[in-house]
Structures are given as C-alpha cells and as structure tokens.
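1. Mind looking at a prediction? Sequence and model below.
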Amino acid sequence: MTSSSTPAPDPSHAFAGHRPLRRLMARGRGEAHRASTPLELFFDLCFVVAIAQAGIQLVHAVAEGHAGEGILDYAMVFFAIWWAWMNFTWFASAYDNDDVLYRVVTLIQIAGVLVLAAGISRAFEDHEFLAVWLGYVIMRLAMVTQWLRVARSSEAPERTMALRYAGGVLLCQIGWLGLVVLPEGARAWVFLVMAVLEMCVPLYAEKDHPTSWHPRHIAERYGLFTIIVLGETIAAATVAVKNGIDENDELGELLPIAAGGLLIIFAAWWIYFVVPIHVHLRSNKQAFLWGYGHYLVFASAAAIGAGLEVAVEQAVGKAHISTLAASAAVTLPTALYLLTVWALHSRHFKFGITQQLVLPSTALLVICCTFLGEWAVLAAGLVSALAVATGTTLTARMSGREHRQPVSAPAS
C-alpha cells in the first residue's frame, strides 16, 4: 500500500476486450479519471453491516456498566473489519482488473464479513470468537488468492512482493487461532501481538517493490467509507431517539442529545473533507501512517453513534450508568476523532499556530463538556460547530490577505 517512484505499466490492458479471465497486473498511478467501482461501493456497504453490529454490542456493554470489557471487544472486532477492508482497498487500487475471478473472490470476501458480523453478538456476550475468526479467515484467504494471482502474472521483484503478502497473511491466520483455543485471559495479548504482526506484513512485503496504488482513488475510497460510517452513525442515533420518544415520550430530555449529536456528525463530515488529502499521499511513510491511522478515525466515528445511543438510553432510564458516563460515551470518541483527523489531515494544510490549535483545542473543550450533565452532548455539538466556523473564518482571512498583497514588479 505504498507509493512507487516509477510509474506502473499502462493499465489499458486490464480493460482490453471482454475476456472473463485476464492477467492480474498492476495499474498505473497516473491513470486519469480513476474512480471507485460499483463493486467497491457494494463492498463498503456490506462491511458497514458488521460495523453496525459492533456498535450495537458496544451500546449494550456500556449501558450495562461494562464499558472496559465492551471497548476491548469492540477494538478487537473492529480491527478485523477495518484491516480486511483496508487490505482490499489498497490492493484494488493497484490491481483491480474487474474480471470474473476478481469479482467472485471479492464477493467471497463480502461473504466472510457477513459471517463475522453474525458472530459479533456471541463475541461480546459469551466471549466466543469462533464465528468472528472464521469470517476473518474467509476474507483473508480470499485476499491470499488475489496475491497469488498477482504472483503468477508478474515477474521479480513484483512476484516476490506478492508471495510475501500471501505467505505473511497465511501465517497470521494461524496466530489468530489463539482467540479460539487459548484461555479468555490471554486473548487480549493474542490480539495485541497479532494486530502488530498483521500490520508488519505490508511493511515487509513492499520493502523492495511498492505497489502502484492511485492517490486520488485511495483518498476517494477512504472518504466514501467515512461517509458511510457517519451515515450509519446518524441512522443509529435517529432510531434511538425515535424509540425513546415512542416508548417514553421524553422529547424534552432527548432534543438536546439529538441536536448535539447532529452538530457533532455534521462537523465530523466537514472537518474530514475540508482538505484535498490526496496531494499529501506521496511517500511510503506518509501512505502507511495515513492508512493505518484511519483505524482510529473509523472506530471513533462509529463509536460516536454508539455513544449517542447510550446517552439516549440513559436519558430515558434504560441504561444503568450515570449521566457522566453516558456523556463520556459521546464526548471521548468525538475528541478522539477530532485529534486523529487533525493529525492525519488538517495539520498538513494549516499555517500558523492559531490554525494548528483549532482542532486540538476543540478536542479538549469537548472533553470538558463531559461534566455539563444533561447538556453535555449539546455543548459538545456547539463546540464542534464553532470549530468549523473558526477554521473557515481563519482560512478565509488568510486567503483574503494573500489576495490583497501587491504583486512585485518583475526584475528588469
């Protein structure tokens, strides 16, 4: 998933003719009009089903007063979903040839995430990870098949890179068996070790030959997935508010939560898409850091929706936690989202200490809102909206000063 300093071969061969099977060869980084395909969009939609299931279980865990345990299970399940999605996304950006076998293997990956989604409730409630492990293995073995196709269609050093990917992914699946066979107390350590090893596979595989992913395509893919996750967050929060009104007729208590949640989600969308991040994706280091960092972006965005559901359940008396804990379920993931998007996106396009401090200061203020009782979510939403207004104003002022500066006369 790293950039290449040399252009990849012309991708026109990937779409030549209508043969059902074609060689799986690299596409070019300079390819014009590169955009997400219908298969990729379908892939994203099915993966969000699993994210929604993880969010539901996180709500139940937090609402029952088991926040620590629920967050750990959420982190493990979300990693499996995110890592499989991310690996496919970068692979597709470099090698998508849209032949029949490529489509079938991708659909198998979708089937794998649906198996994983079906096992999420048991992972949270009974700490039984068999279905989650099986779904993950299905997705990863499908990815191994794609890399073996690349190896067959290419020559060294690209073939070596593809075989490293295939071998690394296969070995990791053996390690993940620890979640199924080892005692419950050891599973957190198994997850930590295996997550690190999984993330080392691309670093090792591409150390001699990076793949030819497309910067604009990758930025679009991540942006679309962010939109889908935020959309799922809005849907979950809306259903929670509706149920609260229908069952308890508590509109006065729920209106501040609904308004604050909507402001948070609107601000989250605005802040993510305010900069053209594809221009930043140039070097290998930048690509890995940006891609891996989105684990926190996606996980926190989805957790905001879960937090809003918890806040609603607490407001209507269905959650066995304090108002402070319910408020923290919203404000903490919101602050994490703001800090991570600043670190990955915004700071590369900000000028001066004032602009740089907008999002970190906003994250701190959002955390402070936790202690405002039943008004915490609304206050966090207002602070988030104010951050958008402040950032937009500062950018406009800087742009205005640049336009007012006189143009120096050319040297004679």
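-> Happy to help now that I have it.
2. could you give me the average pLDDT of stretch 344-362?
-> Over the span of stretch 344-362, the pLDDT mean works out to 81.
3. Ok, stretch 191-201 next?
-> For stretch 191-201, the per-residue pLDDT averages 94.
4. Point out where this protein drops to low pLDDT.
-> Counting by pLDDT under 70, the chain has low-confidence residues at 1-18, 249-250, 279-280, 283-284, 348-349, 399-412.
5. Where do the helices of it begin and end?
-> Counting by DSSP state H, one finds helices in the chain at the ranges 38-63, 67-95, 100-118, 120-125, 130-153, 158-175, 178-181, 187-205, 215-248, 251-273, 284-315, 323-344, 352-368, 376-404.
6. closest to residue 32 out of the ones you listed?
-> Ranking these by their distance to residue 32 (criterion: C-beta to C-beta) puts helix 215-248 first, at 9.7 Å. Placement of C-beta: from N, CA and C, glycine included.
7. Report the buried residues of stretch 292-300.
-> When burial is assessed from 16 or more other C-beta atoms under 10 Å, stretch 292-300 yields the following buried residues: 292, 294-300.
8. about what we covered before: export the helices of the chain as a markdown table, with columns for distance to residue 31.
-> A markdown table is the format used below for the helices of the chain (distance: least, C-beta to C-beta, whole Å):
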| stretch | distance to residue 31 |
| --- | --- |
| helix 38-63 | 15 |
| helix 67-95 | 10 |
| helix 100-118 | 17 |
| helix 120-125 | 37 |
| helix 130-153 | 17 |
| helix 158-175 | 18 |
| helix 178-181 | 39 |
| helix 187-205 | 22 |
| helix 215-248 | 8 |
| helix 251-273 | 23 |
| helix 284-315 | 17 |
| helix 323-344 | 25 |
| helix 352-368 | 33 |
| helix 376-404 | 31 |
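9. Which of those helices sits closest to residue 28?
-> Comparing these against residue 28 with C-beta to C-beta, the closest turns out to be helix 67-95 (9.7 Å).
10. and the gap between residue 68 and residue 233?
-> In this structure, residue 68 and residue 233 are separated by 22 Å, where distance is defined by C-beta to C-beta, to the nearest Å.
11. which stretch among the helices of the chain comes nearest residue 29?
-> helix 215-248 (7.3 Å).
12. what's the angle from the closest one to helix 323-344?
-> Angle between the axes of helix 215-248 and helix 323-344 is 170 degrees (criterion: axes from the mean of the first three to the mean of the last three C-alpha atoms, to 10 degrees).
13. and helix 215-248, what does it pack onto?
-> helix 38-63, helix 67-95, helix 251-273, helix 284-315 (3 or more C-beta pairs under 8 Å, 6 or more residues apart in numbering; DSSP states H and E).
14. Of all the residues in that helix, which ones are buried?
-> Applying a neighbour-count criterion of 16+ other C-beta under 10 Å, one finds 215-226, 228-230, 232-234, 236-237, 240-241, 243-245 buried in helix 215-248.
15. Stretch 383-390 now?
-> Applying a neighbour-count criterion of 16+ other C-beta under 10 Å, one finds 383-385, 387-388, 390 buried in stretch 383-390.
16. swap in stretch 26-34?
-> 26-29, 31, 34.
17. likewise stretch 115-125?
-> When burial is assessed from 16+ other C-beta under 10 Å, stretch 115-125 yields the following buried residues: 115-121, 123-124.
18. Please tell me how far residue 199 sits from residue 87.
-> In this structure, residue 199 and residue 87 are separated by 10 Å, where distance is defined by C-beta to C-beta.
19. Neighbour count: these two, which is higher?
-> residue 87 (23 against 16; other C-beta atoms under 10 Å).
20. in terms of contact, does the more buried one touch residue 143 like I think?
-> Yes - in terms of C-beta atoms under 8 Å, residue 87 counts as a neighbour of residue 143; the distance is 5.7 Å.
21. residues shared between the contacts of the two?
-> Taking C-beta atoms under 8 Å, 6 or more residues apart in numbering as the contact rule, residue 87 and residue 143 have no neighbour in common.
22. Can I get stretch 319-334 as CSV, trimmed to CA atoms?
-> Extracted in CSV, the C-alpha atoms of stretch 319-334 (Å, rounded to 0.1, in the frame of the first residue of the first chain):
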residue,chain,number,x,y,z
ALA,A,319,-29.1,2.4,30.9
HIS,A,320,-27.7,1.5,34.3
ILE,A,321,-25.0,4.2,34.3
SER,A,322,-24.5,7.8,35.4
THR,A,323,-25.1,10.9,33.3
LEU,A,324,-21.3,11.5,33.4
ALA,A,325,-20.6,8.1,32.0
ALA,A,326,-23.3,8.5,29.3
SER,A,327,-21.9,11.9,28.3
ALA,A,328,-18.3,10.5,28.1
ALA,A,329,-19.6,7.8,25.7
VAL,A,330,-20.2,10.7,23.2
THR,A,331,-17.5,13.2,24.1
LEU,A,332,-14.5,10.9,24.3
PRO,A,333,-14.9,9.3,20.8
THR,A,334,-15.7,12.8,19.4
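23. I appreciate the help and will end here.
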